[in-house]
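Asker: no sequence on this one, just coordinates:
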């Protein structure tokens, strides 16, 4: 059975199977509504005081204090600035992990909100603003709310809950380790061993009250690549006396796109090769000696990922050689495929449908964005879904990672309810 057929069968299974929706525990529902103002207050504080990857010092202190006040066993400075807390239920059982990412981005905020970020810093030698332009502030606040609810209802928990507040989801600074990969390396999924992990991401393009999900591959593997082309410098008036690395770079870019358009089986999954930066030359009348290109590869299928990387490794030096130059290409893996375990999704889908309403839980197609939650899913079964954060009548919501990014805070309550009930239903069903 090929991957296209498998994907179609999964879609049919999750679209047409009759699954009984589960209702929310009345005590969880009541407390979630009571602490909603507190969750929004936390979110606004984090939003106004954002910190970049591996530099989330004050953010981590606030998280740790809250968890300690709840009486949890708290570990700090995990993977640089991460915080992990353990909550043991009154009854024995499995261990489930809940993850929120806590870092912000080097983006100057333009959104007109009273708690707007005015933080500035230097990032890669450039002075920039800092803002939660991807919604990690909401993820952090939601999980703090879930922690408070579950800490007050240990009698309902059969097993253990591990709260993971992860730094550097957007990627650590150059030359540093960080993020989910470093947390795993430092043993975050051990002691006690985690049996399953849940995570969510607020989405500025999905209306408040709705949740999107997909079993199997839901977000792309992300590779960063760097291509260096070495030609021969000469006067711009006499190109025949040199080897032009700028022209050769253009040929390489053109050639790379044929890997997608002519070699990749796009009927299986989407794939993207993007060159986002080219650096070469100093003056209008000098053909330079070298050029550098930096870009990304996005894939949702492991075999397609292998094909594309192999062909890029073959094509880049071959094109350069054909024009008398030399070229090298190197890759850095930023995330793996965010893969939702189909059995876990099937098992937990009734909980989400029972809380949000069946019509508000939408089976979606995969996206070519990336998430380092994927590294957790390579070790234990995981389920990662998207929470609506768009005001319903907003026809043109700004994208994530942009200065105008905006989230409707009324969507946070559903996140708190769903993550709390998912935890209880997973543990108590064992």
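Answerer: Received, thanks. This structure is a prediction, so every number in the text was calculated from the model and none was measured.
Asker: would you list every one of the helices in the stretch 201-350 of the chain?
Answerer: 245-258, 302-322, 342-356 (DSSP state H, counting those that start in this stretch).
Asker: Can you tell me which of those is nearest to residue 186?
Answerer: Nearest to residue 186, of all the helices of the stretch 201-350 of the chain, is helix 342-356, at 24.5 Å by C-beta to C-beta. To be clear about C-beta, it is placed using only N, CA and C from the backbone, and glycine gets the same treatment.
Asker: Which elements pack onto the closest one?
Answerer: helix 3-16, strand 211-213, strand 361-363, strand 382-390, helix 412-428 (3 or more C-beta pairs under 8 Å, 6 or more residues apart in numbering; DSSP states H and E).
Asker: and if we set it to 10 Å?
Answerer: helix 3-16, helix 26-48, strand 196-207, strand 211-213, strand 216-230, strand 361-363, strand 382-390, helix 412-428 (3 or more C-beta pairs under 10 Å, 6 or more residues apart in numbering; DSSP states H and E).
Asker: I'd like the helices of the stretch 201-350 of the chain as JSON lines, with distance to residue 366, mean pLDDT and mean neighbour count appended.
Answerer: Compiled in JSON lines, these are given as follows (distance: least, C-beta to C-beta, whole Å; pLDDT from 0 to 100; neighbours: other C-beta atoms under 10 Å):
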{"stretch": "helix 245-258", "distance to residue 366": "21", "mean pLDDT": "98", "mean neighbour count": "18"}
{"stretch": "helix 302-322", "distance to residue 366": "12", "mean pLDDT": "97", "mean neighbour count": "17"}
{"stretch": "helix 342-356", "distance to residue 366": "13", "mean pLDDT": "98", "mean neighbour count": "20"}
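Asker: how close does the nearest residue to residue 246 once chain neighbours are set aside get to residue 386?
Answerer: With sequence-adjacent residues excluded and distances taken as C-beta to C-beta, 6 or more residues apart in numbering, residue 246 is closest to residue 280, at 5.3 Å. Applying C-beta to C-beta, to the nearest Å, the value for residue 280 to residue 386 is 39 Å.
Asker: ok, those two, which is more surrounded?
Answerer: residue 386 (21 against 17; other C-beta atoms under 10 Å).
Asker: Surely that one touches residue 212?
Answerer: Yes. Between residue 386 and residue 212 there is a contact under C-beta atoms under 10 Å: 4.2 Å.
Asker: Mind listing the shared neighbours of the two?
Answerer: Both residue 386 and residue 212 are contacted by 201, 203, 205-206, 218, 362, 364, 367, under the criterion C-beta atoms under 10 Å, 6 or more residues apart in numbering.
Asker: Give me the buried subset of those.
Answerer: Burial by neighbour count, judged by 16 or more other C-beta atoms under 10 Å, picks out 201, 203, 206, 218, 367 from the shared contacts of residue 386 and residue 212.
Asker: And those residues, which is closest to residue 418?
Answerer: residue 201 (12.6 Å).
Asker: Write down the beta-bridge partners of that closest one, one by one.
Answerer: When assigned by DSSP bridges, residue 201 has beta-bridge partners residue 386.
Asker: do you know how far it is from residue 287?
Answerer: Distance from residue 201 to residue 287, by C-beta to C-beta: 46 Å.
Asker: And residue 324, by the same measure?
Answerer: Applying C-beta to C-beta to residue 324 and residue 287 gives a distance of 13 Å.
Asker: which of these two has more neighbours?
Answerer: Using other C-beta under 10 Å as the criterion, residue 324 and residue 287 rank with residue 287 on top: 23 against 12.
Asker: show me the contacts for that one.
Answerer: Per C-beta under 10 Å, 6+ apart, neighbours of residue 287: 231-239, 241-247, 280-281.
Asker: Which among those count as buried?
Answerer: Buried among the contacts of residue 287 by 16+ other C-beta under 10 Å: 231, 234, 242-245, 247, 280-281.
Asker: Tell me the one of these nearest residue 77?
Answerer: Each of the buried ones among the contacts of residue 287 was checked against residue 77 using C-beta to C-beta; the closest is residue 280, at 41.7 Å.
Asker: quick one on the thing from earlier: determine which two of the buried ones among the shared contacts of residue 386 and residue 212 are furthest apart.
Answerer: 206 and 218 (13.7 Å).
Asker: which residues do these two both contact?
Answerer: The contact lists of residue 206 and residue 218 share 212, 364, 386, where a contact means C-beta under 10 Å, 6+ apart.
Asker: With pLDDT as new columns, can these be given to me in JSON lines?
Answerer: Shown next, in JSON lines, are the shared contacts of residue 206 and residue 218 (pLDDT from 0 to 100):
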{"residue": "212", "pLDDT": "98"}
{"residue": "364", "pLDDT": "96"}
{"residue": "386", "pLDDT": "98"}
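Asker: Tabulate the buried ones among the shared contacts of residue 386 and residue 212 (TSV), appending distance to residue 194.
Answerer: Formatted as TSV, these follow (distance: C-beta to C-beta, whole Å):
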residue	distance to residue 194
201	20
203	25
206	28
218	20
367	25
